[in-house]
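Student: Any chance you can model this:
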Amino acid sequence: MSSYAFWNNKGGSGKSFLCFAAACEYAYRHPDTDVYVIDLCPQAQVSEMLLGGYFTSPDALHFLMSKTPRATVAGYLEARLNSPFRMVADVSPYICEPKEFNPNIPENLRLVCGDNYLEIIAEAIRQTSQLEIPYDSWKQVLSWGRDLRVALRSYSGDRDTLFLIDCSPIFAIYTQLALVAAENLVIPFIADYTSRLAIENVLAILYAITDPHTVLYARIAFAKRAKEEGVAVPKLHTFASQHLTLYQGRASKASEAVNQTIMQMMDDIHKKHRHIFANPKDKPSNTFIDIPDFASGAVLAATTGTPLHKLAPAAKNIAGEQVQLDAESLQSYRNALEKFVNCL
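Tutor: All right, here's what the predicted structure looks like:
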């Protein structure tokens with residue numbers, strides 16, 4: 001059983017699409033493995049893609065959210081709120097089979113669906129984690145996501161399992177549940193200066209690695225409490241550098257310069273803090289994967305809920321707009337995705 005959280009403390013990094021593409025590709029290539037996607041982002045974008053994309057997913061989402069209990073991750077968390085310090089005996093009501101709504105999805109891929117209701121119950125979850133009794137209420141509540149992962153593993157019986165967890169960029173209580181549920185951390189990022197700052201935030205929040213100006217706050221932050229209370233946080237596993245559309249090579253050169261700066265920053269941190277990396281013997285720069293620009297292909301895949309192995313180069317009509325998917329860009333993205341999936 002391996003588990004990976006997709007997180008960056010910055011929106012727009014492409015994490016949800018990468019999670020969708022990787023989950024579908026892994027499930028397609030490993031039919032004997034149950035691939036679970038746990039969507040702990042209130043925007044539920046990875047759920048939307050898995051359930052058929054922009055046009056068909058609203059009905060599927062409404063159907064799942066209208067069930068009693070809600071057949072979503074929020075339904076599971078509501079059950080935990082009702083009995084905060086007791087495991088949920090049966091998690092099957094919260095599991096969705098995306099193939100029932102989207103025939104393009106491999107049948108061995110399962111989803112714990114995202115839900116905007118996460119925002120509504122977030123404060124109740126946070127307050128429960130602050131209860132004085134029991135003394136370890138914070139640790140127990142932060143383990144709810146991990147408990148779900150363990151229960152899903154049991155649900156799969158003797159089959160192999162893989163867990164991919166999509167996170168909100170905001171470090172809310174539900175993001176904390178997602179990160180504690182994962183053993184490994186994938187950081188998708190766009191090679192620009194603000195992404196470097198976001199990665200620095202990840203280091204400060206999860207591992208208390210920061211500069212002298214903010215070290216005082218790091219001492220009272222999440223990382224410190226997690227260490228004191230024995231709450232494990234995920235190890236840095238893979239950095240996915242995603243490229244935007246370029247203009248006359250200028251953005252390419254700028255992106256490459258920022259990318260190299262981030263690589264060097266992580267290699268420097270590795271010298272003093274090897275324990276935060278999933279593969280401590282390897283230089284972090286060796287775990288960077290370049291994901292090429294896939295603008296039109298990503299639009300097509302996300303809008304229609306189509307995995308990469310189902311896409312074919314052609315002109316497609318999406319809501320009255322022509323979207324051209326050429327063979328070269330599709331193959332380039334497939335090659336990068338294959339390299340990424342091989343790391344999982």
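Student: From now on I want contacts and neighbour counts done on CA atoms only, so please keep to that.
Tutor: OK.
Student: Now do the nearest residue to residue 99 once chain neighbours are set aside against residue 77, distance only.
Tutor: The spatially closest residue to residue 99, leaving aside those adjacent along the chain, is residue 105, at 5.2 Å (CA to CA, 6 or more residues apart in numbering). Separation of residue 105 from residue 77 (CA to CA, to the nearest Å): 26 Å.
Student: Touching, residue 325 and residue 297? I think so.
Tutor: Yes: counting by CA atoms under 8 Å, residue 325 touches residue 297, with 5.8 Å between them.
Student: Point out where the stretch 201-344 of the chain drops to low pLDDT.
Tutor: 212-220, 244-252, 319-321 (pLDDT under 70).
Student: all strands for it, in order.
Tutor: Secondary structure of the stretch 201-344 of the chain by DSSP state E, counting those that start in this stretch: the strands cover 235-242, 288-291, 314-318, 321-325.
Student: how about TSV for those, with distance to residue 86 added?
Tutor: Shown next, in TSV, are the strands of the stretch 201-344 of the chain (distance: least, CA to CA, whole Å):
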stretch	distance to residue 86
strand 235-242	27
strand 288-291	40
strand 314-318	47
strand 321-325	50
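Student: ok, and which of these has the densest surroundings?
Tutor: The highest average neighbour count among the strands of the stretch 201-344 of the chain, using mean count of other CA atoms under 10 Å, belongs to strand 235-242 at a mean of 22.
Student: who are the neighbours in contact with residue 196?
Tutor: Taking CA atoms under 8 Å, 6 or more residues apart in numbering, we find residue 196 in contact with 258, 262.
Student: Stretch 192-210: how far from the chain's middle?
Tutor: 17 Å (CA atoms, centre = their mean, to the nearest Å).
Student: returning to that earlier point: verify the assumption that the residue nearest to residue 99 is located in a helix.
Tutor: No: going by DSSP: H, G, I helix; E, B strand; the rest coil, the assignment for residue 105 is coil, not a helix.
Student: how many neighbours does residue 36 have?
Tutor: Counted with other CA atoms under 10 Å, residues neighbouring residue 36 total 25.
Student: Name the SS class of it, please.
Tutor: Classified using three-state DSSP, residue 36 is strand.
Student: Distance-wise, check residue 74 relative to residue 89.
Tutor: Counting by CA to CA - residue 74 and residue 89 are separated by 16 Å.
Student: And these two? Which one has more around it.
Tutor: The residue with more neighbours, out of residue 74 and residue 89, is residue 74; 28 against 7, by other CA under 10 Å.
Student: does the closest residue to that one other than its chain neighbours belong to a helix or a strand, and which?
Tutor: Once flanking residues are discounted, residue 74 sits nearest to residue 118: 5.6 Å by CA to CA, 6+ apart. Per DSSP states H and E: residue 118 is located in helix 117-129.
Student: what helices or strands is that helix leaning on?
Tutor: Contact here means 3 or more CA pairs under 8 Å, 6 or more residues apart in numbering; DSSP states H and E; on that basis helix 117-129 packs against helix 73-82, helix 137-142, helix 173-181.
Student: Using TSV, please lay out those together with mean pLDDT and distance to residue 208.
Tutor: Below are these laid out as TSV (pLDDT from 0 to 100; distance: least, CA to CA, whole Å):
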stretch	mean pLDDT	distance to residue 208
helix 73-82	98	28
helix 137-142	97	18
helix 173-181	98	15
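Student: Could you report the separation of residue 225 from residue 278?
Tutor: Counting by CA to CA, the gap from residue 225 to residue 278 is 21 Å.
Student: who's more crowded, those two?
Tutor: Between residue 225 and residue 278, counted using other CA under 10 Å, the more crowded position is residue 278 (17 against 14).
Student: Stretch 114-125: which residues count as buried?
Tutor: By 16 or more other CA atoms under 10 Å, the buried positions in stretch 114-125 come out as 114-119, 121-122, 125.
Student: contact partners of it?
Tutor: Residues contacting stretch 114-125 (CA under 8 Å, 6+ apart): 38-47, 65, 72-74, 78, 81, 141, 172-174.
Student: if you set the cut-off to 7 Å instead, what comes out?
Tutor: Here stretch 114-125 makes contact (CA atoms under 7 Å, 6 or more residues apart in numbering) with 39-44, 47, 72-74, 81, 173-174.
Student: how about those residues, which pair is most distant?
Tutor: Within those, 47 and 81 form the most distant pair, 23.0 Å apart (CA to CA).
Student: okay, the two: which has more neighbours?
Tutor: residue 47 (30 against 17).
Student: What's the mean pLDDT across the helix or strand encompassing the more buried one?
Tutor: Following DSSP H and E, one finds residue 47 within helix 45-50. The pLDDT scores in helix 45-50 average 98.
Student: Could you check the angle the next helix-or-strand element following that helix makes with helix 73-82?
Tutor: Following helix 45-50 in sequence order, the next helix or strand is helix 57-66 (DSSP H and E). Calculated by axes from the mean of the first three to the mean of the last three CA atoms, to 10 degrees, helix 57-66 forms an angle of 20 degrees with helix 73-82.
Student: what does helix 57-66 contact?
Tutor: Contacts for helix 57-66 (CA under 7 Å, 6+ apart): 48, 51, 70-72, 101.
Student: Make a PyMOL selection of the buried ones in the residues you listed.
Tutor: Selection of the buried residues among the contacts of helix 57-66 in PyMOL, burial being defined by 16+ other CA under 10 Å:
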select buried, resi 48+51+70+71+72+101
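Student: Thank you, goodbye.
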